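Trainee: please work out how this folds:
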Amino acid sequence: MNVKKVCLLILFVSIILGVKAQSNFEKGYILDNAYKKTECFIRNTGTAESADKYEYKLTPKGDILSMSLAKISEFGIEGSLKCVRALILVDVSGNRIRKEEEAKKGPEWEEGHAYIKVLVDGESAKLYSYYTEGEEFFYFTKDTSTTISPLYYKEYSLEVTPNMVDKIIINNTFREQLAKNLPCGEQKKLSTIAYLKKPLIRYFEDYNKFNNSDYVSPDYTQHKKGKILIGLVAGTNRLGMKKTTSTAGEVFNFSEEYNFGGGIEAEYIFAFNNHKISVFTEPNYYSYNTDYVDYSLNESHYGSEIDFKAIEIPIGIKYYMYLNDNNRFFFKIAFVPNFVSNDSYLTYNSDYKWKFENASRLLFGVGYKYKKISCEFHFYSEQDINFSNEEIYRNGSICKQLSFTLGYTLFEF
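Mentor: The predicted structure is shown next:
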């Protein structure tokens, strides 16, 4: 089995393991119908999916159980999640209309029990959310009331003919609801507030402050900050190059060589989705030096030599799959511009000395990180490198590369 197949096998196994370990089981609690509290471990997905898909374990190594709407009245994770069972209204009316008057009909409510997230838990007002079928709905209660009311918002697509939208009509009734039930400061603020999680959380926090009421925001993902990581990387590269001349049609398959390189990695991990997505750049240096002789092509062929040195600056996206706080797999993809050193060259038969031009390619990576230490494989797309000499502008070379790197995070802030 060659190196490429081994790397692909590692990638496949990593994906399988990662799918099962994308989210941590974090210490939390559940309340049954008698409000008896049980400590447990809840899988925190970090996504907006409906809370009724959450899973939990009674012990760290216990069986994975699903939240039972009939048996569990509330569950949560300290500092990041609180969900309660509630009787709510959901608008099930369509959003495609043929006449503007249809937008004035209002909602078609459907009532049912569901788990809803507590976004702001305040003495004066509470904000909740419910996510289903790609949409997020928001609800509120005021003071000591137990009635959970929907904040109504609707976008209608006015179609002059089927699947041809003439314009979008928006119903912003939720702004009127806030102004009537939860007035807070200048009303000008309400005329622009969006039906989104962050601005609504901010409004409900301001309302509780305005009324000198205590509050907490269990969904702390709204307040988390991203992480910046700076580290060192070093590794080995396997490079090979093939060149075809445009004159004699000779093909030079230069031998694959191993060499060492190193550089610096800078990464920003976004706060959303439980710190699973990041952008990164990884400037590093690598080189390739070898020669080639084949008398079967030309008896007077004295050989060719390549001395290739370059700095590459990958810029891309990384996705993490967590096993636990200290262990994680990751996958990356990046655009990689290469800047070839001016003293890089290829010689042919001692008569020609050609300079390389800069080029670019794609990088695909898979790796594993334990605390601050990481290891990974890089797969590069084939790189077509041309030469700068005008008289041989049609000539080019194909560079193939695989690499294995080790990394260490120096700083995290």
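
Trainee: would you mind giving the domain segments of the chain?
Mentor: Per automatic domain parsing, the structural domains of the chain span 79-222, 227-412.

Trainee: reformat the ones you listed as CSV; add mean neighbour count.
Mentor: In this view, the C-beta of every residue, glycine as well, is placed from N, C-alpha and C. Formatted as CSV, the domains of the chain follow (neighbours: other Cβ atoms under 10 Å):
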stretch, mean neighbour count
domain 79-222, 16
domain 227-412, 16
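
Trainee: JSON lines for those, including distance to K61 and mean pLDDT?
Mentor: As requested, those are exported to JSON lines (distance: least, Cβ to Cβ, whole Å; pLDDT from 0 to 100):
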{"stretch": "domain 79-222", "distance to K61": "22", "mean pLDDT": "88"}
{"stretch": "domain 227-412", "distance to K61": "13", "mean pLDDT": "82"}
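
Trainee: with distance to T38 added, can I get those in a markdown table?
Mentor: A markdown table is the format used below for the domains of the chain (distance: least, Cβ to Cβ, whole Å):
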| stretch | distance to T38 |
| --- | --- |
| domain 79-222 | 15 |
| domain 227-412 | 22 |
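
Trainee: and those domains: which comes nearest T59?
Mentor: domain 227-412 (15.2 Å; Cβ to Cβ).

Trainee: measure stretch 91-110 end to end?
Mentor: For stretch 91-110, the first-to-last residue distance is 6 Å (Cα to Cα, to the nearest Å).

Trainee: which residues are in contact with that stretch?
Mentor: Contact with stretch 91-110 is made by 89-90, 137, 150, 152, 154-159, 169, 171, as judged by Cβ atoms under 8 Å, 6 or more residues apart in numbering.

Trainee: now with 6 Å, please.
Mentor: The contact list for stretch 91-110 (Cβ atoms under 6 Å, 6 or more residues apart in numbering) reads L89, V90, Y156, S157, L158, E159, I169.

Trainee: wait, what's in contact with the third one?
Mentor: Y156 makes contact with N95, I97, A103, I169, according to Cβ under 6 Å, 6+ apart.

Trainee: now the first one
Mentor: Under the criterion of Cβ under 6 Å, 6+ apart, the contact list for L89 reads W109, E111, P150.

Trainee: rewinding a little: nearest to E282, of the contacts of stretch 91-110?
Mentor: Nearest to E282 among the contacts of stretch 91-110 is S157, at 43.9 Å by Cβ to Cβ.

Trainee: wait, doesn't the closest one sit right on D166?
Mentor: No: in this structure S157 lies outside contact range of D166 using Cβ atoms under 6 Å: 8.5 Å.

Trainee: taking the contacts of stretch 91-110 one by one, which sit in strands?
Mentor: Cross-referencing these against strands under DSSP state E gives L89, V90, Y156, S157, L158, E159, I169.

Trainee: mind listing the helices for this structure?
Mentor: For the chain, the helices defined by DSSP state H cover 3-20, 173-181, 197-210, 272-275.

Trainee: residue nearest the centroid of the chain?
Mentor: Central residue of the chain (Cα atoms, centre = their mean): I277, 3.0 Å from the mean position.

Trainee: how close does the spatially closest residue to that one that is not a sequence neighbour sit to E376?
Mentor: Closest residue to I277 apart from its sequence neighbours, by Cβ to Cβ, 6 or more residues apart in numbering: F270 at 5.2 Å. To E376, F270 is 20 Å away according to Cβ to Cβ, to the nearest Å.

Trainee: quick one on the thing from earlier: quick one: closest of the domains of the chain to K57.
Mentor: Of those, nearest to K57 by Cβ to Cβ is domain 227-412, at 13.3 Å.

Trainee: and the closest one, how far apart are its ends?
Mentor: Length of domain 227-412, first residue to last, Cα to Cα: 7 Å.

Trainee: can you give me how far that domain is from the chain middle?
Mentor: Remark: domain 227-412 is offset 24 Å from the chain centroid, using Cα atoms, centre = their mean, to the nearest Å.

Trainee: what's the answer for stretch 31-49, then?
Mentor: Computed by Cα atoms, centre = their mean, the separation of stretch 31-49 from the middle of its chain amounts to 25 Å.

Trainee: check the spacing between I306 and E312 real quick.
Mentor: In terms of Cβ to Cβ, I306 sits 17 Å off from E312.

Trainee: now swap in R175 and tell me
Mentor: 51 Å.

Trainee: distance of E176 relative to A271?
Mentor: As judged by Cβ to Cβ, E176 and A271 stand 32 Å apart.

Trainee: next one: P162
Mentor: 41 Å.

Trainee: ok, now W354?
Mentor: 49 Å.

Trainee: same thing with I385?
Mentor: Distance of I385 to A271, computed by Cβ to Cβ: 40 Å.

Trainee: do G76 as well
Mentor: 20 Å.

Trainee: I'd like the contacts of Y156 laid out as JSON lines, including distance to F364.
Mentor: Output for the contacts of Y156, formatted as JSON lines (distance: Cβ to Cβ, whole Å):
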{"residue": "N95", "distance to F364": "39"}
{"residue": "I97", "distance to F364": "45"}
{"residue": "A103", "distance to F364": "47"}
{"residue": "I169", "distance to F364": "44"}
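
Trainee: R43 is in contact with K57, correct?
Mentor: No: assessed by Cβ under 6 Å, K57 is found out of contact with R43, at 8.2 Å.
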